[in-house]
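[1] A structural model of the following input is requested.
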Amino acid sequence: MAVLRQLSLVKGPERFVFRYQAGQESQVIDAFASLAADRRSAFDWFDAAVLSYQMGRRLETELEQIATSSNGHER
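    You can find the predicted model right below:
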């Protein structure tokens, strides 16, 4: 079963919601870049940076949890 993840950003009257499966992070970052480059979009490069950072922090937390749980099983 694939893990579904979500990142959201509310900016003024607009709401940006990105839903993706684990392992598709690079495609989501590409989507951030495409939206930020589109002058018609209210989504800008700062928004892309914030959501990319949040995604990275989530991955870091998950890796720490995996490392902690596997260390506990080795004892």
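
[2] what's the following helix or strand after the regular element (helix or strand) spanning Val17?
    Taking DSSP states H and E as the criterion, Val17 maps to strand 14-21. Using DSSP H and E, the helix or strand that follows strand 14-21 in sequence is helix 25-37.

[3] His14: what's it in contact with?
    Check again: residue 14 is Glu, not His. 42-43 (C-beta atoms under 8 Å, 6 or more residues apart in numbering). C-beta coordinates here come from the backbone N, C-alpha and C atoms, glycine included.

[4] Could you list which residues are in contact with the nearest residue to Phe32 once chain neighbours are set aside?
    Using C-beta to C-beta, 6 or more residues apart in numbering and skipping the chain neighbours, the partner closest in space to Phe32 is Ala48 (3.9 Å). Contact analysis of Ala48 by C-beta under 8 Å, 6+ apart lists 29, 32-33, 35-36.

[5] from these, which is closest to Gln6?
    Nearest to Gln6 out of the contacts of Ala48 is Phe32 (C-beta to C-beta; 14.0 Å).

[6] roughly how far apart are that closest one and Ser26?
    11 Å (C-beta to C-beta, to the nearest Å).

[7] any idea of the angle the helix ranked longest in the chain forms with strand 14-21?
    The longest helix of the chain (DSSP state H) is helix 45-74. Computed by axes from the mean of the first three to the mean of the last three C-alpha atoms, to 10 degrees, the angle separating helix 45-74 from strand 14-21 equals 30 degrees.
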